[in-house]
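J.: okay, predicted coordinates and the sequence, questions at the end:
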Amino acid sequence: MKLTILGGGGFRVPLVYGALLGDQAEGRVTRVTLHDVDAGRLDAVSTVLAEQAAGLPNAPEVTVTTDLDEAVRGTDFVFSAIRVGGLEGRAADERIALAEGVLGQETVGAGGVAYGLRTVPVALDVAGRIARLAPEAWVINFTNPAGLVTEAMSRLLGDRVIGICDSPVGLVRRVAGVLGIDPTAARVDYVGLNHLGWLHGLHVSGRDHLPGLLADSDALGSFEEGRLFGADWLRSLGAVPNEYLHYYYFHREMLQAYRRNDRTRGAFLREQQAGFYARPSLASWESTRAEREATYMAHSRAASGAGERAAADLCSGGYEQVALALMRAVAGDEPTTLILNVRNRGTLSALDEDAVIEVPCLVDGSGARPCRVAPLPYHAVGLVASVKAVEREVLAAARTGSRASAVKAFALHPLIDSVTVARRLLDAYTDEHPGLAYLNRK
């Protein structure tokens, strides 16, 4: 079976290849094609993959190319993990937002809108090529903003594109660990949008174990989300939110934390990874990844006083394992349940059928179908609907080139409180990013 990884020079590609090396099941991936627009990054990642495979029998064969059509032609699966504008673009997104006094994280707030505006047109081009050159391929989307990009690609690929994220998987794993529950044996009640979801229940043998956790302050203080949000707020919500909701619930504290730091997350990663790409090796990659994981969500932990990340959160087993499980289920028709980004299909009544949401899905050879979950409370419905409205304006701007839709996307976001600021943000982002030149001045 052939797998194509778009964004094949990306830093996390060795995680995916490592998961493939450990898969000896029938029908496994035997050929991997890495595609990237940057040949130097491809060479660096190829060096690491060769070290990973050294001495291992039956390691998947790796080829590299900068030709997109060549990469996707006739493939069975596509992992899309592109970063339009690179880390330089992410750092600029964050810097421009902070200059206007708003948050600009990669997928949240002004930064998420800007990233989506320049990524969606590229994702649509990729989807069109896949539909033409590999119409039977399944696309697993890693590209952020994951829910938005998955919805954009679904306009051309339908249900053959599925978005994934390791954030809800990590949340469920941490909560299950505190409760002493095997997460694979539990029915998970989790729903929302990517980076905007809530865990409302963890059921084993018909019993929901989450209320007991919410009543135990010591237990809530023993894992990351409990420390980020605080026991009182989690009890008020009656749920455990995805960690990215910290940007919404503690907006002012997060903004202060970003302002106190001399570097944004994007600037930190840009500088950190530059060292790896200049001198690539497996050892260099591992040490760089360890530092990256240890500093993940550092601004949130600083704002809440949550301290350092727990050792258990630094291990692998995130999105690469989700991707492998998804691929096995589809290719081998082996039913499993995974939290994925798929079309709504009536799961959330506040959204239309084609809106991509993040929800547990039953996955088999026919694809992924959302499972039934409990209705969201009004406060969550309001936030989900607001952010989905922003995503729809981004899609409209990408489709039509409308500057008015782009301004509307910024202005409607819950973390941007001014139409005037929205206009200035779009002006600044357009000046910074050549990829936004498609937006007209009307």
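T.: Looks like it arrived, so ask away.

J.: give me the below-cutoff pLDDT ranges for the stretch 251-400 of the chain.
T.: For the stretch 251-400 of the chain, residues meeting the criterion pLDDT under 70 lie at 298, 301, 306, 309-317.

J.: which residues does Val126 contact?
T.: Residues counted as contacts of Val126 (Cβ atoms under 8 Å, 6 or more residues apart in numbering) are 6, 68, 72, 80, 82, 153. In short, each C-beta sits where N, CA and C put it, glycine included.

J.: and it, that's in a helix?
T.: Yes: under DSSP: H, G, I helix; E, B strand; the rest coil, Val126 falls within a helix.

J.: against Ile162, how distant is it?
T.: 15 Å (Cβ to Cβ, to the nearest Å).

J.: domain-wise, how is the chain divided?
T.: Listed by automatic domain parsing, the domain ranges of the chain are 2-163, 168-249, 253-311.

J.: worst average pLDDT in those domains?
T.: Here the lowest mean pLDDT among these goes to domain 253-311, at a mean of 86.

J.: and it, how far out from the chain middle?
T.: Counting by Cα atoms, centre = their mean, to the nearest Å, domain 253-311 is centred 17 Å from the centre of its parent chain.

J.: now the helices: where do they sit in the stretch 151-300 of the chain?
T.: 167-179, 210-214, 217-220, 224-229, 231-237, 246-249, 251-260, 265-278, 282-294, 298-304 (DSSP state H, counting those that start in this stretch).

J.: possible to save those helices as JSON lines with distance to Leu376?
T.: Below are the helices of the stretch 151-300 of the chain laid out as JSON lines (distance: least, Cβ to Cβ, whole Å):
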{"stretch": "helix 167-179", "distance to Leu376": "15"}
{"stretch": "helix 210-214", "distance to Leu376": "15"}
{"stretch": "helix 217-220", "distance to Leu376": "21"}
{"stretch": "helix 224-229", "distance to Leu376": "17"}
{"stretch": "helix 231-237", "distance to Leu376": "11"}
{"stretch": "helix 246-249", "distance to Leu376": "14"}
{"stretch": "helix 251-260", "distance to Leu376": "20"}
{"stretch": "helix 265-278", "distance to Leu376": "29"}
{"stretch": "helix 282-294", "distance to Leu376": "31"}
{"stretch": "helix 298-304", "distance to Leu376": "23"}
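
J.: mind putting the ones you listed in JSON lines, mean neighbour count included?
T.: Shown next, in JSON lines, are the helices of the stretch 151-300 of the chain (neighbours: other Cβ atoms under 10 Å):
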{"stretch": "helix 167-179", "mean neighbour count": "21"}
{"stretch": "helix 210-214", "mean neighbour count": "17"}
{"stretch": "helix 217-220", "mean neighbour count": "16"}
{"stretch": "helix 224-229", "mean neighbour count": "22"}
{"stretch": "helix 231-237", "mean neighbour count": "15"}
{"stretch": "helix 246-249", "mean neighbour count": "20"}
{"stretch": "helix 251-260", "mean neighbour count": "16"}
{"stretch": "helix 265-278", "mean neighbour count": "17"}
{"stretch": "helix 282-294", "mean neighbour count": "15"}
{"stretch": "helix 298-304", "mean neighbour count": "20"}
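
J.: the ones you listed: which one's closest to Ala54?
T.: Minimum separation from Ala54 across the helices of the stretch 151-300 of the chain (Cβ to Cβ) falls at helix 282-294, 8.9 Å.

J.: so which elements touch that closest one?
T.: On a contact count with 3 or more Cβ pairs under 8 Å, 6 or more residues apart in numbering; DSSP states H and E, helix 282-294 meets helix 13-21, helix 39-53, helix 265-278.

J.: can you add distance to Lys388 and give the ones you listed back as TSV?
T.: As requested, those are exported to TSV (distance: least, Cβ to Cβ, whole Å):
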stretch	distance to Lys388
helix 13-21	29
helix 39-53	33
helix 265-278	25
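
J.: which one of the ones you listed lies closest to Ala404?
T.: helix 265-278 (27.9 Å).

J.: on that earlier part again, and Gly197, which of the helices of the stretch 151-300 of the chain is closest to it?
T.: Closest among the helices of the stretch 151-300 of the chain, once you apply Cβ to Cβ, is helix 167-179, at 5.9 Å.

J.: show me the contact partners of that closest one.
T.: Looking at what lies outside helix 167-179 - Cβ under 8 Å, 6+ apart - the contacts are 182-183, 186, 188, 190, 195, 197, 199, 202, 209-210, 212-213, 219, 222-225, 240, 242-244, 312-313, 317-319, 321-322, 339, 358.

J.: let's go with 7 Å and repeat that
T.: Contacts with helix 167-179, where a contact means Cβ atoms under 7 Å, 6 or more residues apart in numbering, come from 183, 186, 188, 190, 195, 197, 199, 202, 209, 213, 219, 222-225, 240, 242-244, 313, 318, 322, 339, 358.

J.: cool, thanks, signing off.
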